[in-house]
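Asks: only geometry, no sequence info:
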């Protein structure tokens, strides 16, 4: 089941973010800040957070996404993480497919996802490619020396 994140999901989501081993402390702090803003300020419209539950009703993954400011029909997938024990079971695909449906329904035309070029993110990059996303930009040494910002994109309407 996929649904909007609720306050009771805060701790399980933060635990799964840490458990993945992909995020450093600064990144975890940013994720926590976004979660807290989302949960405590329902009037904000910059981004949304959803969770996916496993068959037992436990949070298996989460995603933060939103329309890209000052664009027409472009959306960002800001954060996605699946609990290590739930990886490979289709939860990540379910989250991304759900987002794609929302973007299509809203008349959106493009989803952008950014990630790191570090070797530990190779499975993440392969995951996006498997879902039909293509690397459309790379900024060398963006995060730190030898750590590029890799931007993936997928169009849903012709580029007009």
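Replies: Done, it's in. Since we're looking at a predicted model, the values are computed, not measured.
Asks: can we go C-alpha only for contacts and neighbour counts from here?
Replies: Noted.
Asks: what is the end-to-end distance of stretch 4-12?
Replies: Start-to-end span of stretch 4-12 (C-alpha to C-alpha, to the nearest Å) is 14 Å.
Asks: so what strands line up beside the strand ranked longest in the chain?
Replies: When the chain is parsed with DSSP state E, its longest strand is strand 134-144. When pairs are called by DSSP bridges, strand 134-144 turns out to pair with strand 147-155 (antiparallel).
Asks: just the buried positions in stretch 10-21, please.
Replies: Judged by neighbour count using 16 or more other C-alpha atoms under 10 Å, the buried positions of stretch 10-21 are 12, 13, 14, 16, 17, 18.
Asks: returning to what we had before: how far off centre is the longest strand of the chain?
Replies: Using C-alpha atoms, centre = their mean, to the nearest Å, the distance from the centre of strand 134-144 to the centre of the chain it belongs to is 17 Å.
Asks: so which residues of the protein form strands?
Replies: Here the chain has its strands, by DSSP E, at 2-4, 48-53, 59-67, 74-82, 110-116, 134-144, 147-155.
Asks: which stretch among those approaches residue 26 most closely?
Replies: Shortest separation from residue 26 across the strands of the chain is recorded for strand 134-144, at 12.3 Å, computed as C-alpha to C-alpha.
Asks: sort out which residues of that closest one are buried, please.
Replies: Applying a neighbour-count criterion of 16+ other C-alpha under 10 Å, the buried positions in strand 134-144 are 134, 135, 138.
Asks: state the distance from the second one to residue 126.
Replies: Okay, so that is residue 135. Separation of residue 135 from residue 126 (C-alpha to C-alpha) stands at 10 Å.
Asks: go on, the first one?
Replies: Here residue 134 is placed at a distance of 10 Å from residue 126 (C-alpha to C-alpha).
Asks: low-scoring stretches of the chain, by residue?
Replies: Along the chain, the model assigns pLDDT under 70 to residues 157-160.
Asks: for the nearest residue to residue 100 once chain neighbours are set aside, give its distance to residue 133.
Replies: Closest residue in space to residue 100, ignoring its immediate chain neighbours: residue 111 at 7.8 Å, by C-alpha to C-alpha, 6 or more residues apart in numbering. Residue 111 sits 9 Å away from residue 133, taking C-alpha to C-alpha as the criterion.
Asks: name the residues contacting each of these two.
Replies: Residues touching both residue 111 and residue 133 (C-alpha atoms under 8 Å, 6 or more residues apart in numbering): 153, 154.
Asks: which one of those two has more residues nearby?
Replies: residue 111 (24 against 19; other C-alpha atoms under 10 Å).
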